[in-house]
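Chemist: Predicted structure and sequence below. I'll ask about it afterward.
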Amino acid sequence: MRTERLRTGPSRRAKLVLYALLCVLAVPFVFPTWWMVTSSLKSANEIFAFPPTLLPADPSLSAYARVFEFAPFAAQYWNSMYIAAVVTIGTLAVSSLAGYAFARIRFPGHNLLFLVVLVGLLIPSEVTIVPLFQLFNGLGMVDTHWPLILVPIFGAPSVLATLIMRQFFIALPGEIEEAGRMDGLGRLGLYWRIALPLSRPALGAVAIFSFLHSWNLYLEPVVFLSTPEKFTLPQALTQFTDAYGGPMWDVQLSAATLSALPVLIVFVVAQRQFVEGLAHTGLKG
Amino acid sequence: MTAVKTDAPPGREQSRPGRPGWWTARRRDHLAGFLFTAPQLAGTLLFVLLPLGLMFWYSFHDWNVLAGGFTWTGGENYERLAQDPALPGVLGATAAFSVGLVALNLSLALVLAILLNQRLAGTIVFRTIFFSPVAVTLVAWTIVWRFLLQDDGGVNGLLSVFGAEGPNWLRGETTAMVSVVVVQVLKNVGLNMVLFLAALQGVPKELYEASTIDGAGAWTRFRRITMPMISPTILLTSIITVVGSLQVFAQIDVLTSGGPGTSTTVLVYYLYQNAFQFHDFGYGATLSVLLFAIVLVLTVIQWQMRRKWVVHED
């Protein structure tokens, strides 16, 4: 494939133009993250210095220390992490089981039931947030993490996950399971020992999707949570304001950096699996 | 759809003595099917369909949580909806946001994917760059942009280097809307770009070679080969992007809080304000019905359109 590329590559001048274009286009994608990290290391005065400084003149972590003074930030960080982990594992379990059954088991009404599940794609939780609030209010689960866990695992995002898993399992050749069946495996065995190990790319894509969805969730925490110790990161990030309600930029940008950098680093390290996992899963159309 | 033969090999039942006669491998398989899908179905029932039903039920009631009371008022909420003086503005903002977002997102995603699909060294670096905002926490990304878009922020600082004077982005009605759209596109365009890139790489090279021999130019090849071949991906990404554009909440809340005035108050934000800031759950539910209807209609329209212009389907 590589040699083929070289054989018919664009001319040198065309290459220069393409690189220039790519570099210009890259600016708005890179600049914000760069600015977030460098500004978080600047003093409050230097943040608004003119002309702006690209690198902090006197890098300091003092704003980071204040993040933990002003808010129970460690607890909020932990909340986001554990909720995202539970949502990811739960979504993987629910969607791979359902996706497997809808793809490979012909049980009565499977088409109808699949349609019922698909309806969930049209009903994002933004649409049903009012009744969802009442539902969890009735269950005594307001100001707990339960809504942030249950709604993503079972609601619209998990429907997309089920769809991805189903598309993947449908493409598995039937002979693979035949062999397992000869060995006396039941349905659970076929799913666990044969289908799941083969579906790593799809599971990876679903894991990334559901982790990021949970990690970014904002409307639900804002609606359901009122105790700062229970907040998740997205909601916590908006709380660093001064007495007049204006944002304390150095502290807010430090908190934003703390929330964004670990995931970003994981992405850059694992970007091949990350991107290709998404691209080569059922979503390809 | 691929039909999968799942019936057990014949003679299997006899190999299990002591089981009642009706408890066949086939029935066991059916049970497995129900059990495997049970968590998803129960979840759909409890957290999707039940709330949907409740939403309609609430929309026929007057229900102010602070004042108390839950009374049936028939279609009164819907009359109020029809006469709501704020609604035309809200729907206008919603339409402007969605149209702007979908148009900019899909075209930019396609341009980036085509650029990355040229035979260049180092495209993986650029792919990583364009995709990286997807991995940045949404609210962190939005907060940085709020910081950058202030009157004395980084964007205007950058513009001043080139001798241009930028506006106070988030304080003007048009520039605020443009800002919200652009910030959101930059955040997520990498997803669609990656899907387009995979589709472009799936177009058989022979098609291009054949058409080049036939004397087709670059534009003709793009229109006659590329577009038709990737049309299923375009349909899929546009459905996801349209539905996604109607769900935008965090970006509006953090960047503009719906302002200035109500210029960026999209429907989700308006429904949030009514239900959770003004505690008017009945009217909030009615606005939810409207949002649901819009999502439904747009999805059905796009699904119907696929017959017209999506070339090949499984």
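Modeler: Okay, I see it.

Chemist: Could you measure from the residue of chain B found nearest chain A over to B:Val203?
Modeler: Distances between chain B and chain A by C-beta to the nearest C-beta are smallest at B:Gly43, namely 2.4 Å. The C-beta positions use only the backbone N, C-alpha and C, and glycine is treated the same way. Distance, B:Gly43 to B:Val203, using C-beta to C-beta, to the nearest Å: 38 Å.

Chemist: Secondary structure element for the nearest residue to B:Thr71 once chain neighbours are set aside, which one?
Modeler: Take B:Thr71 and drop its neighbours on the chain: the residue closest to it by C-beta to C-beta, 6 or more residues apart in numbering or on different chains is B:Asp62, 5.1 Å away. Taking DSSP states H and E as the criterion, B:Asp62 maps to strand B:61-63.

Chemist: Is there proximity between stretch A:152-172 and chain B?
Modeler: Yes: using C-beta under 8 Å from any C-beta of the partner chain, stretch A:152-172 comes into contact with chain B via A:153-156, A:158-159, A:162, A:170-171.

Chemist: Not counting its neighbours along the chain, what's nearest B:Ala42?
Modeler: A:Phe154 (7.5 Å).

Chemist: Go ahead and confirm the one you found touches B:Pro39.
Modeler: Yes: using C-beta atoms under 8 Å, A:Phe154 makes contact with B:Pro39 at a distance of 7.5 Å.

Chemist: Show me chain B divided up by domain.
Modeler: Under the assignment automatic domain parsing, the domains of chain B span B:20-59, B:78-309.

Chemist: can you pull the buried residues of the shortest one?
Modeler: Within domain B:20-59, the residues that qualify as buried are B:24-26, B:28-30, B:32-34, B:36-37, B:39-41, B:43-44, B:47-49, B:51-52, B:54-55, B:58-59, counting by 16 or more other C-beta atoms under 10 Å in any protein chain shown.

Chemist: Over to stretch A:221-232?
Modeler: Using 16+ other C-beta under 10 Å as the test for burial, stretch A:221-232 gives A:221-225, A:230-232.

Chemist: Give me the subset of the residues you listed that lies in helices.
Modeler: Among the buried residues of stretch A:221-232, the residues falling in helices (DSSP state H) are A:221-224.

Chemist: and which of the residues you listed is nearest to chain B?
Modeler: A:Val223 (5.8 Å).

Chemist: what's the model's confidence in stretch B:27-40, averaged?
Modeler: Throughout stretch B:27-40, pLDDT has a mean value of 91.

Chemist: Pull the residues that contact that stretch.
Modeler: Residues from elsewhere that reach stretch B:27-40, judged by C-beta atoms under 8 Å, 6 or more residues apart in numbering or on different chains: A:93-95, A:97-98, A:100-102, A:105-108, A:110, A:113, A:117, A:154, A:158-159, A:162, A:186-188, A:191, B:6-8.

Chemist: Just the buried ones among those residues, please.
Modeler: A:94-95, A:97-98, A:100-102, A:105-107, A:110, A:113, A:117, A:154, A:158-159, A:162, A:187, A:191, B:6.

Chemist: if you go through chain B in chain order, where are the strands?
Modeler: Secondary structure of chain B (DSSP state E): strands located at B:61-63, B:70-72.

Chemist: Could you dump those strands into TSV with mean pLDDT, mean neighbour count and distance to B:Leu290 added?
Modeler: Below are the strands of chain B laid out as TSV (pLDDT from 0 to 100; neighbours: other C-beta atoms under 10 Å in any protein chain shown; distance: least, C-beta to C-beta, whole Å):
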stretch	mean pLDDT	mean neighbour count	distance to B:Leu290
strand B:61-63	86	21	16
strand B:70-72	84	10	20
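
Chemist: so B:Ser132 sits right up against A:Thr33, yeah?
Modeler: Yes: using C-beta under 8 Å, B:Ser132 makes contact with A:Thr33 at a distance of 7.0 Å.

Chemist: which residues are in contact with both of those two?
Modeler: Shared contacts of B:Ser132 and A:Thr33, counting by C-beta under 8 Å, 6+ apart, come down to A:Leu264.

Chemist: higher neighbour count, these two?
Modeler: Neighbour totals were compared for B:Ser132 and A:Thr33, and A:Thr33 leads with 22 against 18 (other C-beta atoms under 10 Å in any protein chain shown).

Chemist: Grab the nearest non-local neighbour of the more buried one.
Modeler: That would be B:Val136: by C-beta to C-beta, 6+ apart, it lies 6.3 Å from A:Thr33.

Chemist: With B:Leu91 instead?
Modeler: B:Leu91's closest residue in space is B:Leu267 (C-beta to C-beta, 6+ apart), at 7.0 Å.

Chemist: Would you check that that neighbour makes contact with B:Leu290?
Modeler: Yes: with contact defined as C-beta under 8 Å, B:Leu267 reaches B:Leu290; the gap is 6.9 Å.
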